[in-house]
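Undergrad: Curious how this folds, go ahead:
(2 chains)
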Amino acid sequence: MSEATLEISLTVNGEAVTKTVPVRQHLVDFLRTELGLTGSHLGCEHGVCGACSVRVDDAVVRGCLMLAVQADGAEVVTVEGLTETGEIADLQKNFVERNAMQCGYCTPGMLITASELLREPKPVSREEIRGHLSGNFCRCTGYHAIVDAVETTINNRLEEG
Amino acid sequence: MKAPKFDYIKAESRSHALELLDQLGEDGRILAGGQSLMPTLNMRLSQPGTLIDINKVSDLSGITLEDGVVHIGAMTRHVEVATSPIVAKHLPLIAEAMKHVAHHAVRNRGTIGGSVALADPAAEMPACILALGATLVVESINGRREIAADDYFKGLYETAREPNELLVEILIPSKKTGEVSVFLELAQRHGDFAMAGLACVARVSNKTFEELRLVYFGSEDRPTIGTGAIAAVIGQTCSDECKEAAAIALANDLDPMTNLQGSAAMKLHLQKVLTGRALDTAVERAEAT
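TA: Model prediction:
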């Protein structure tokens, strides 16, 4: 069977992109290999670890569980995009200050998933933060520092109004 | 791993999807939310000839209430079900179950129709629609038919849907006055596959079970009604003896599968524990209303 391909046009981190891709290529392979956006990581490649999390049309999704061709016409935002806009600069600073990473492999996925809690911040318990992050694996930190960093960021944003 | 080679067609409309399903037969596979299909492709556990993507078919999603029945389109994503005021008010069992459906990012893509069409034995939605006596609407190029949830689940990932049929809608009777529901699930990590789980719908008066439906999932090859456990409890007043009788009867209702989520013996034990908790909670909720 020959490799089926399709041309797709989408927006990635605010820039228009048109490429021809194999239909079987998932979104994160497309971002990494075609566009060089290596911030989105592949851990398990079957939807368990969350390292591949990206934003598609304003919703966080597993980048490994969506085909690149399905992103035709979509707006995709990766951790690089979130960094450029400064949307999560405070979260990133708190990750560093609280040492909420060791190897850093899970960090982009953690940041993107946590960013959902920051968009319309409201008081949340640590339990709720853990629940929200439950689909993202970290094998280094034991999660405590990550929850600290997210909690601090939410509280600071709430204080600043 | 990477997915094997396949062809991909984006269905432009419902009729286009039905035509493709009919032409391709077993070789075609519907791609809805993809949250179960994509992992099996990436792990090369499935090898469809052609994926028929129905994500752009607009008239397959939405939640409406009509004459006491909640209509949920098959492509309605879990996040929409979880945040729907109609579901919160009229289908409290499903609203409670949604908290256990996978993780945030998966709920943003996964669909109720995909979950029911796949019929994963550890999934929440199949158990809920069986407990609530829902009706499944399927369509093919030959027309539309309705399948009662009681007749739908046939075995491990096997359902009454024919290969050329598309699940288009789920019709769920809304909560009746005096009815209470309880959804319980045990998983190793919040949002993971169930080790054991139970969907319960009941009518309770003075701590006595007048009507009861218990549907177990995560342990059998399909969502399973606890017929013996229900018979042991119906007409009885909730007590330790009553719960014990249900637990004893349950051993004949269930024949759990050992899998990564636990051994058969442990699953049966957990289902018994959940049964007692569900009966207690049903009584508490009935008294609170």
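
Undergrad: Residue of chain A nearest chain B, please.
TA: Of all residues in chain A, A:Gly135 sits closest to chain B, at 2.5 Å by C-beta to the nearest C-beta. All C-beta atoms are positioned from the backbone trio N, CA, C, and that covers glycine.

Undergrad: ok, that residue to A:Thr113 distance?
TA: 7 Å (C-beta to C-beta, to the nearest Å).

Undergrad: repeat for B:Pro121
TA: Plainly put, B:Pro121 is 28 Å away from A:Thr113 if you go by C-beta to C-beta.

Undergrad: wait, isn't B:Phe6 in contact with B:Ser46?
TA: No. Look at B:Phe6 against B:Ser46 with C-beta atoms under 8 Å: they stay out of range, at 9.5 Å.

Undergrad: These two - which one has more neighbours?
TA: Neighbours were counted for B:Phe6 and for B:Ser46 using other C-beta atoms under 10 Å in any protein chain shown; B:Phe6 has more, 20 against 16.

Undergrad: that older thread, can you check which residues contact both of A:Gly135 and A:Thr113?
TA: Counting by C-beta atoms under 8 Å, 6 or more residues apart in numbering or on different chains, the common neighbours of A:Gly135 and A:Thr113 are A:50, B:104-105.

Undergrad: I'd say the residue of chain A closest to chain B and B:Asn108 touch.
TA: No. Using C-beta under 8 Å as the test, A:Gly135 is too far from B:Asn108 to be in contact (10.5 Å).

Undergrad: what number of residues lie near residue 129?
TA: If you meant another chain, say so; for now it's chain A. 20.

Undergrad: wrong one, chain B
TA: A total of 28 residues lie near B:Ile129 under the criterion other C-beta under 10 Å.

Undergrad: Please report how far it lies from B:Phe153.
TA: In terms of C-beta to C-beta, B:Ile129 sits 9 Å off from B:Phe153.

Undergrad: if I look at the two, which residues touch both of them?
TA: With C-beta under 8 Å, 6+ apart, B:Ile129 and B:Phe153 have no common neighbours.

Undergrad: hang on, the earlier thing: among the shared contacts of A:Gly135 and A:Thr113, find the lowest-pLDDT one for me.
TA: By pLDDT, B:His104 ranks lowest within the shared contacts of A:Gly135 and A:Thr113, coming in at 92.

Undergrad: Next, count neighbours for that residue.
TA: If you count neighbours by other C-beta under 10 Å, B:His104 ends up with 23.

Undergrad: quick one, phi/psi of the residue in the stretch 51-200 of chain B that chain A sits nearest to?
TA: Nearest residue of the stretch 51-200 of chain B to chain A, counting by C-beta to the nearest C-beta: B:His103, 2.5 Å away. Here is the backbone geometry of B:His103 (degrees, to the nearest 10): phi -110, psi 170.

Undergrad: Return the residues in contact with it.
TA: Counting by C-beta under 8 Å, 6+ apart, B:His103 makes contact with A:50, A:134-136, B:191.

Undergrad: can you pick the most crowded of those?
TA: Within the contacts of B:His103, neighbour counts (other C-beta under 10 Å) peak at A:Gly50, which reaches 29 neighbours.

Undergrad: quick one: secondary structure of the nearest residue in space to it that is not next to it in sequence?
TA: Distances taken as C-beta to C-beta, 6 or more residues apart in numbering or on different chains place A:Asn136 nearest to A:Gly50, at 3.4 Å, with adjacent residues excluded. Secondary structure, DSSP: H, G, I helix; E, B strand; the rest coil: A:Asn136 is coil.

Undergrad: was I right about A:Asn136 contacting A:Leu111?
TA: No. The pair A:Asn136 / A:Leu111 is not scored as a contact, 9.7 Å apart, by C-beta under 8 Å.
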